[in-house]
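**Student:** what's the 3D shape of this:
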Amino acid sequence: MKTLNLKSAIIAIATSTIFALAAVAQNATVEISELPTTLAIQSAIANALAPNDVSSVTVTGEFSNPDQTLTISIPPGKVVIWQAQYVVPVVNVLNVLLLIEGEGEFQLAAGATVKANNNVAIRLQ
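**Tutor:** Numbering: from 1, shown residues only. A predicted model of the protein is given here:
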């Protein structure tokens, strides 16, 4: 019969718990086509980022004619992956279309766009 000392057992349990916690990190999705206002998009993204087990949020769909600046606050250790089309038909040059703040990461996926006045403001190909 093999015996395991208490210190080794605690390290083994702690290590397996850390790997189990890392494995449950999830990606949430926010579909902006279904949302009525810029504030609703902002709230949906913030709510999707809030749970501790969510590490990233993917934003999909298309939204046109926003009524205010879209502010995305990304907490440390979290990622927002922008795959959406965000179209602003007419823009007041004094307004900010998309404001990213916080210590998290913002990624613009290939094919995603932010368009202002029919001109592409941000695009990655």
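**Student:** all strands of the protein, in order?
**Tutor:** Counting by DSSP state E, the chain has strands at residues 26-31, 54-60, 62-64, 70-73, 79-82, 85-88, 98-101, 105-108, 113-116, 119-123.
**Student:** which of these sits closest to Thr38?
**Tutor:** Proximity to Thr38 (C-beta to C-beta) singles out strand 70-73 among the strands of the chain, at 5.1 Å. Using the backbone N, CA and C atoms, a C-beta is placed for each residue, glycine as well.
**Student:** what is the mean pLDDT for the closest one?
**Tutor:** Confidence over strand 70-73 (mean pLDDT, whole number) is 90.
**Student:** now it - C-alpha only, PDB.
**Tutor:** The C-alpha trace of strand 70-73 is given here as PDB (Å, rounded to 0.1, in the frame of the first residue of the first chain):
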ATOM      1  CA  LEU A  70     -21.000  53.200 -27.900                       C
ATOM      2  CA  THR A  71     -18.700  52.900 -24.900                       C
ATOM      3  CA  ILE A  72     -17.300  49.400 -24.100                       C
ATOM      4  CA  SER A  73     -15.600  49.000 -20.700                       C
END
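**Student:** packing partners for that strand?
**Tutor:** Strand 70-73 is packed against helix 38-49, strand 98-101, with contacts defined by 3 or more C-beta pairs under 8 Å, 6 or more residues apart in numbering; DSSP states H and E.
**Student:** neighbouring strands for it, and are they parallel or not?
**Tutor:** As defined by DSSP bridges, the strand partners of strand 70-73 come to strand 98-101 (parallel).
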